[in-house]
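*Asks:* Give me the fold of what follows.
(2 chains)
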Amino acid sequence: MLKKTFSTSDDITLKLKILAEEKESTRRKLVITAKRLAVIAREKEITRRKLAVTARELKRLHATLEKKVLERTRDLAQITSKNEAILASIGDGLVVVDKEGKISYINKSFEEMLGWKAHEIIGKSMVEVVPREDIYGTGVSFKERILTQVLAGQKFVADLTNPFYYIRKNKSRFPTSSIVAPVILNKKIVGAVEVFRDITKEKEIDKAKTEFVSLASHQLRTPLSTVNWYSEMLLTGDVGEVTPEQRKYLEEIYNGNQRMVDLVNTLLDVSRIEMGTFVVESKTTNIVKLAQSVIAEQNPQIVEKKIKLLTSFESNVPLIQSDPKLLRMIIQNLLSNAVKYTPEKGCVRISVSLDDKKSVLLKVADNGYGIPKNQQNKIFTKLFRADNVIGKDTEGTGLGLYIAKSIVEQAGGKLWFESVENKSTTFYATLPLRKTK
Amino acid sequence: MNNTPKKILIIEDEKTLARALGFKLTYSGFEIKTVFNGEEGVAILRQEKFDLVLLDLIMPKMDGFMVLATMKTEKIKVPVMILTNLSQEDDIKRTKEYGVKEYIIKSNTPIAVIVEQVTKFLNNTNHA
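*Replies:* Numbering: from 1, shown residues only, chains lettered A, B, ... in the order given. Here you go, the predicted structure:
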């Protein structure tokens, strides 16, 4: 190689030149690469810085998040304890059960009212731990308990207006009223909540009120008897003949007074129902005969209003064990309502049939004024009268259906209705052939 | 029927009602004596003989239940018809325990019906 190198000076010069050029080209390439590297380095630095910023940001966010989680947790804890405090301090007894009816929560009032501590009964069956009795002291079976029925989806919200008794741990009892509602999750009943209160005070006030009504009604009867007897004596001419005009006036007095007597009697019936002093004397009763005699009794009103009365008494209706005096009141109420609340020339149908092997069905239908839909849920409430009939009839007291329902239920039956305003109303009463309880 | 009129004792504190009853029953041919409380009622029952007593329940001094009790202990055997405005089953039951057969609620019964029932009752005892 040296030999070749030193062959000629021209060669060397040429080669050096070539080398110089190659070097220059390489240098340029290097410069370019260096520039590129510098760019990359700069970009990398930028990215690094960006990353640093992002990292810092992330760190900050993380810190904030943690703070927020802590805050939220604290809030939640606060809400939960607040909720628990609210539940605990509700004056009414509260019990939450799961779908098997096992107690999962009770509040303080529950503990105080029933004498049980939460740790003694959580996980146990509510209907077994806390027995219920009706006002007559008859135990209510598990199946009949509202809680059971709500859990089975038979009732959505049960509001027990009829008082019953809860039995405490120490076997003493107190009157309560309660509301039971299902707990629904994803359209499934997963449990129920019952809220109940001790109504001893209310019962006492109610009793005093009823006793007052009873006493006042008896007192009212004395002057009513005086007006009755003396106007009757004037009408029969006991103290001399009266003119036709005078007779008309006397009849007004007599009839007005008679209405007051009826009202007092109704009030007394209500007090007897409420005091539980209605003595029920069951005997073998022919409901068809009773219905026929009520129809005969109300025939004057039926004829006066030109009402068409259709009857249907099935021949297979058996005699039932019931109190004829009370059964009569039910039929009287339903029929007189149908006649009263049907315009002239309307139609009333009354039928008695065998409902199933255990009960008889009484049906009273009319094509009268009907009961407005928005008032249908109040129709059995004491003293309630629907808007659409108040103006048409001044004699109603709003007590008839309340009495009828109380009697039917006392007899172990059911009373309900279907009604379309200005079209028709049908009342249904089922009466057991013999009372089971 | 014998000619001496049947004697009825009305024990009723409400004077207007006692007067109306007295008027109607005298008009129907009965002999009437009226007293206005249980005490007077028992006093007169100890001395005189009556065919029927029309007895109110709520009265001052001695009420109708007390009259029934006294009649029982003193063995005063006169039929009693209760004329009252009490209508509780308990009250009715209490009087029945003293052997009372008729129980009439005044405000619910026309006076003519009361006279009718009294007449029927006294005629029946006459036949017996």
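
*Asks:* show me where the chain has strands.
*Replies:* Let's take chain A. Ranges of strands in chain A, per DSSP state E, are A:93-98, A:103-106, A:132-133, A:158-159, A:164-167, A:173-185, A:188-198, A:283-285, A:308-313, A:320-322, A:347-354, A:359-366, A:414-420, A:424-432.

*Asks:* please go with chain B instead
*Replies:* Assigned strands in chain B, in chain order: B:7-11, B:31-35, B:52-55, B:80-84, B:102-105 (criterion: DSSP E).

*Asks:* pLDDT below threshold where in chain B?
*Replies:* Chain B contains residues with pLDDT under 70 at B:1-3, B:125-128.

*Asks:* hmm, try it at 90
*Replies:* B:1-5, B:58-62, B:86-94, B:97, B:99, B:101, B:122-128 (pLDDT under 90).

*Asks:* what does it put close to chain A?
*Replies:* Residues of chain B lying close to chain A (Cβ under 8 Å from any Cβ of the partner chain) are B:14, B:16-17, B:20, B:23-24, B:27, B:58, B:85-90, B:105-108, B:110-112. Using the backbone N, CA and C atoms, a C-beta is placed for each residue, glycine as well.

*Asks:* sorry, back to before: between the strands of chain A, which gets the lowest average pLDDT?
*Replies:* Sorting those by mean pLDDT places strand A:158-159 lowest, at a mean of 60.

*Asks:* re the thing from before, right, and the strands of chain A - which one's nearest chain B?
*Replies:* Ranking the strands of chain A by proximity to chain B (Cβ to the nearest Cβ) places strand A:283-285 first, at 14.9 Å.

*Asks:* Listing partners with orientation, what would you give for that closest one?
*Replies:* If you go by DSSP bridges, strand A:283-285 pairs up with strand A:320-322 (antiparallel).

*Asks:* List the buried residues for stretch B:73-93?
*Replies:* By neighbour count with 16 or more other Cβ atoms under 10 Å in any protein chain shown, stretch B:73-93 contains the buried residues B:76, B:78, B:80-88, B:91-92.

*Asks:* same check, this time on stretch A:267-278
*Replies:* A:L267, A:L268, A:D269, A:V270, A:S271, A:R272, A:I273, A:E274, A:F278.

*Asks:* contacting residues for the third one?
*Replies:* When contacts are counted by Cβ atoms under 8 Å, 6 or more residues apart in numbering or on different chains, A:D269 touches A:F278, A:M329, A:L399, A:I403.

*Asks:* cool, the second one as well?
*Replies:* When the contact criterion is Cβ under 8 Å, 6+ apart, the partners of A:L268 are A:V213, A:S214, A:S217, A:H218, B:S87.

*Asks:* A:K363 bridge partners, please.
*Replies:* According to DSSP bridges, beta-bridge pairing links A:K363 with A:S351, A:Y428.

*Asks:* For it, grab the count of nearby residues.
*Replies:* Residues near A:K363, counting by other Cβ atoms under 10 Å in any protein chain shown, number 17.

*Asks:* quick one: it and A:T430 touch, right?
*Replies:* No: look at A:K363 against A:T430 with Cβ atoms under 8 Å: they stay out of range, at 9.9 Å.

*Asks:* For the spatially most central residue of chain B, give its distance to A:L362.
*Replies:* Central residue of chain B (Cα atoms, centre = their mean): B:L54, 1.0 Å from the mean position. To A:L362, B:L54 is 40 Å away according to Cβ to Cβ, to the nearest Å.

*Asks:* per-domain residue ranges of chain A.
*Replies:* As given by automatic domain parsing, the domain ranges for chain A are A:2-87, A:93-198, A:203-275, A:283-432.

*Asks:* how far is the last one from where the chain is centred?
*Replies:* For domain A:283-432, the distance from its own C-alpha centre to the chain's C-alpha centre is 26 Å (Cα atoms, centre = their mean, to the nearest Å).
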